[in-house]
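Chemist: my questions are about this predicted structure, shown below with the sequence.
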Amino acid sequence: MVLQLRLIPRLAAAARLTPATSCAPRLLLRRAPLPPALAMASAYSAGYGAGRRLLFRQLFEKESSTYTYLLADVADPDRPAVLIDPVDRTVDRDLNLIKELGLKLVFAMNTHVHADHVTGTGLIKTKVPGVKSVISKASGAKADHFVDHGDKIHFGNLFLEVRATPGHTSGCVTYVTGDADGQPSPRMAFTGDALIIRACGRTDFQGGSSEQLYQSVHSQIFTLPKDTLLYPAHDYKGFTVSTVEEEAAYNARLTKDKETFKTIMNSKFSQVDMYIWFIPNSHISADMLTLLAKLILLFWDERKKSDNLVSSWADLNLSYPKMMDVAVPANLVCGIQDPPPKI
Ligand SMILES: N[C@@H](CCC(=O)N[C@@H](CSS)C(=O)NCC(=O)O)C(=O)O
């Protein structure tokens, strides 16, 4: 009896029956099991009824804590797929998965020019002919296809809408699943580094602007339906997904008013500014200078705590990404130089 009860929900899922109808064993056995690929697709897809066509995977690259996203229309006979923010180090893993699932990769897209890892888009193009790389026009990077705010990227009967969300870099975009019948429900937003779960991307290089980032998130992400699933390009704390409702309530930086947000985002600079002012204006020994610097930092930390401005979640004390000098120039050309022309 116990065995039977355990089996019924599984069989019902395989036969796509609701639990309410699953109590009739006759019905359970009438339907042949789904072919493995389709059964897998429905287990990891979103949407309802005929719109149940999205296959979705979240993939992780551990050196840079980057998420790559795979989306495919498995109801289309060609099973067209897109990859968002692939990393060069994990290209083979991603392409093997795509092959195993019988998908046809059409677009390798970036949310922005990354500073902490080399994009996999160029490498993918050398391994899978016909794949087109995609990035925003505002990024200034090279690609096959440039997007602007409001554009749509179609793969089969699914599409992603492009929303400009500058601030982390001047060319950042968020890709959002379509708002139409047959598109995934709830919607899904791939925020790049504009929004990280309970945090956001830094704004201290690559044309970053805290003013712009605040505006971008509040106007382009927090205005999406509350149940929209948010998928960032990075996570450093072990989170995988959030929602608009959750981030609008609990994001340690973006729930603050704009001026407080700007203070949080620029806090590292405030410390640096103090050193820059202090050093040429002092005639004291190096030891004394170090002691004073420590006292200033201590005072600064205490002030932050007492102001209750920033929780440990929000605190920005970031050194430049280790790979920045390599990653940025490489990512401006799709992560890989074009092969020299054959003469
Ligand atoms: N330590 C890492 C870089 C960490 C970092 O700066 N992450 C960026 C996104 S990648 S440019 C960021 O915006 N972080 C915001 C945050 O609050 O963590 C390395 O050396 O690569």
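Modeler: Nice, thanks for sending it over.
Chemist: from L289, how far out is the closest residue to the ligand within the stretch 1-150 of the chain?
Modeler: Relative to the ligand, the nearest point of the stretch 1-150 of the chain is D116 (3.5 Å; CB to the nearest ligand atom). C-beta here means a position set from N, CA and C on the backbone, and glycine is covered the same way. Per CB to CB, to the nearest Å, D116 is found 32 Å from L289.
Chemist: of these two, which one has the most company?
Modeler: Ranked by neighbour count (other CB atoms under 10 Å), D116 and L289 place D116 first, with 20 against 14.
Chemist: for that one, give me its contacts.
Modeler: By CB atoms under 8 Å, 6 or more residues apart in numbering, D116 lies in contact with 64, 66, 234, 321-324, 327.
Chemist: could you give the number of residues near Y214?
Modeler: Neighbours of Y214 (other CB under 10 Å): 23.
Chemist: so is it in a helix, a strand, or just coil?
Modeler: Of the three states, Y214 takes helix under DSSP: H, G, I helix; E, B strand; the rest coil.
Chemist: partner strands of whatever helix or strand Y175 lives in and their direction?
Modeler: Using DSSP states H and E, Y175 sits within strand 173-177. Strand 173-177 has its sheet partners listed here by DSSP bridges as strand 158-164 (antiparallel), strand 188-192 (antiparallel).
Chemist: what's the closest of these to K256?
Modeler: Closest to K256 of the strands paired with strand 173-177 is strand 188-192 (CB to CB; 18.2 Å).
Chemist: mind checking if the closest one is in reach of the ligand?
Modeler: No: using CB under 6 Å from any ligand atom, strand 188-192 stays clear of the ligand, with a minimum separation of 9.3 Å.
Chemist: contacts for that strand next, please.
Modeler: Contacts of strand 188-192 (CB under 8 Å, 6+ apart): 46, 56, 69, 84-85, 111-112, 160, 163, 165, 168, 172-177, 201, 221, 224, 228-233, 244.
Chemist: and the residues you listed, which of them are in helices?
Modeler: If you go by DSSP state H, the contacts of strand 188-192 have V244 in helices.
Chemist: of the contacts of strand 188-192, list those near the ligand.
Modeler: Applying CB under 6 Å from any ligand atom to the contacts of strand 188-192, those adjacent to the ligand are G201.
Chemist: buried subset of the contacts of strand 188-192, written for PyMOL?
Modeler: Of the contacts of strand 188-192, the buried ones go into a single PyMOL selection, burial set by 16 or more other CB atoms under 10 Å:
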select buried, resi 46+56+69+84+85+111+112+160+163+165+168+172+173+174+175+176+177+201+221+224+228+229+230+231+232+233+244
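Chemist: circling back: what helix or strand is the residue of the stretch 1-150 of the chain closest to the ligand on?
Modeler: Using DSSP H and E, D116 maps to neither a helix nor a strand.
Chemist: with the flanking residues excluded, which residue is spatially nearest to it?
Modeler: P321 (3.8 Å; CB to CB, 6 or more residues apart in numbering).
Chemist: same check on G178?
Modeler: Using CB to CB, 6+ apart, the nearest residue to G178 is F159, at 4.5 Å.
Chemist: what parts of the stretch 51-200 of the chain come near the ligand?
Modeler: 64, 115-116, 193, 196, 199.
Chemist: looking at the residues you listed, which is nearest K152?
Modeler: D193 (22.3 Å).
Chemist: give the contact list for the closest one.
Modeler: Here D193 is in contact with 111-112, 114, 168-169, 172, 200-202, 232-234 (CB under 8 Å, 6+ apart).
Chemist: wait, a strand at V106?
Modeler: Yes: counting by three-state DSSP, V106 is found in a strand.
Chemist: wait, it touches A81, no?
Modeler: Yes: between V106 and A81 there is a contact at 6.6 Å, judged by CB atoms under 8 Å.
Chemist: when those two are compared, which one has more neighbours?
Modeler: A81 (27 against 21).
Chemist: can you tell me how far the more buried one is from F155?
Modeler: For A81 relative to F155 (CB to CB), the value is 7 Å.
Chemist: try L213
Modeler: For L213 relative to F155 (CB to CB), the value is 29 Å.
Chemist: equivalent analysis for S242, please.
Modeler: Note on S242: its distance to F155, by CB to CB, is 24 Å.
Chemist: overlap in contacts of V106 and A81?
Modeler: Residues touching both V106 and A81 by CB under 8 Å, 6+ apart: F155.
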